[in-house]
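**Q** A structural model of the following input is requested.
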Amino acid sequence: MVSNLLKSGKYQFYVTDVRMTDKDGNKLGAGKGKEYVKVKLSVIDAEGGIISIYDSIFDDSQAEKLAGSLDEQIGSVNKSNLDRLVGMGGSCLISIKPADAKYNKDQNIVQCYLKNFKQGRDMSPIVDQFKALGATVNPTDGIPF
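**A** Below you'll find the predicted structure:
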């Protein structure tokens, strides 16, 4: 595994940037028929370094899942107002996507956002899905089984 990748597992993150357009001002994905918003998450690794992970949000359902993982309750969000989340933090499960024809090296991806535990949600189905991907999840990670 490349040293700048995080191991698969649960991580705290902070939203540090939200991009809705490319460098030319065009909406991301507009030319391909599927517009999206790119969210930059900053995650602190075991050595105290900051790893940036980019997640593409394609619809309002994904936006709500991101917002539901935050430490602060902010009300309703959608794909078009995700910039409100910059500076806020939450929890997610991160995995490693192996290199493929599109990306020639392994990369970290957000597998799913974890609903804030204060809101009381059974995480078992998500943990089971993550385990099926080969990730190591244990009770010391703070994930209820």
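**Q** Please count neighbours and contacts with C-alpha atoms only from this point.
**A** OK.
**Q** Skipping adjacent residues, who's closest to the residue nearest to the spatial centre of the chain in space?
**A** When the chain is reduced to its mean C-alpha position, the nearest residue by C-alpha atoms, centre = their mean turns out to be Val110, at 3.8 Å. Counting by C-alpha to C-alpha, 6 or more residues apart in numbering, Ile94 is the residue found nearest to Val110 once chain neighbours are left out, at 4.6 Å.
**Q** got it, and Glu64?
**A** Closest residue to Glu64 apart from its sequence neighbours, by C-alpha to C-alpha, 6+ apart: Val77 at 6.0 Å.
**Q** May I have the secondary structure class of the residue nearest to the centre of the chain?
**A** In the three-state summary, Val110 is assigned as strand, counting by DSSP: H, G, I helix; E, B strand; the rest coil.
**Q** what bridges to Ile96?
**A** Note on Ile96: beta-bridge partners by DSSP bridges are Asn108.
**Q** which residues does it contact?
**A** Residues touching Ile96, when contacts are defined by C-alpha atoms under 8 Å, 6 or more residues apart in numbering, comprise Leu5, Leu6, Lys7, Ser8, Asp106, Gln107, Asn108, Ile109.
**Q** show me where the protein has helices.
**A** Remark: helices of the chain, listed N- to C-terminal, are 60-68, 124-132; assignment by DSSP state H.
**Q** For those helices, which has the smallest mean pLDDT value?
**A** Taking the average pLDDT of each of the helices of the chain, the minimum falls on helix 124-132, with a mean of 55.
**Q** quick one on the thing from earlier: which of the contacts of Ile96 are buried?
**A** When the contacts of Ile96 are checked for burial by 16 or more other C-alpha atoms under 10 Å, the buried set is Leu5, Leu6, Lys7, Ser8, Gln107, Asn108, Ile109.
**Q** Can you add pLDDT and distance to Lys23 and give those back as a markdown table?
**A** Formatted as a markdown table, the buried ones among the contacts of Ile96 follow (pLDDT from 0 to 100; distance: C-alpha to C-alpha, whole Å):
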| residue | pLDDT | distance to Lys23 |
| --- | --- | --- |
| Leu5 | 89 | 27 |
| Leu6 | 93 | 28 |
| Lys7 | 92 | 31 |
| Ser8 | 92 | 32 |
| Gln107 | 93 | 23 |
| Asn108 | 94 | 24 |
| Ile109 | 94 | 23 |
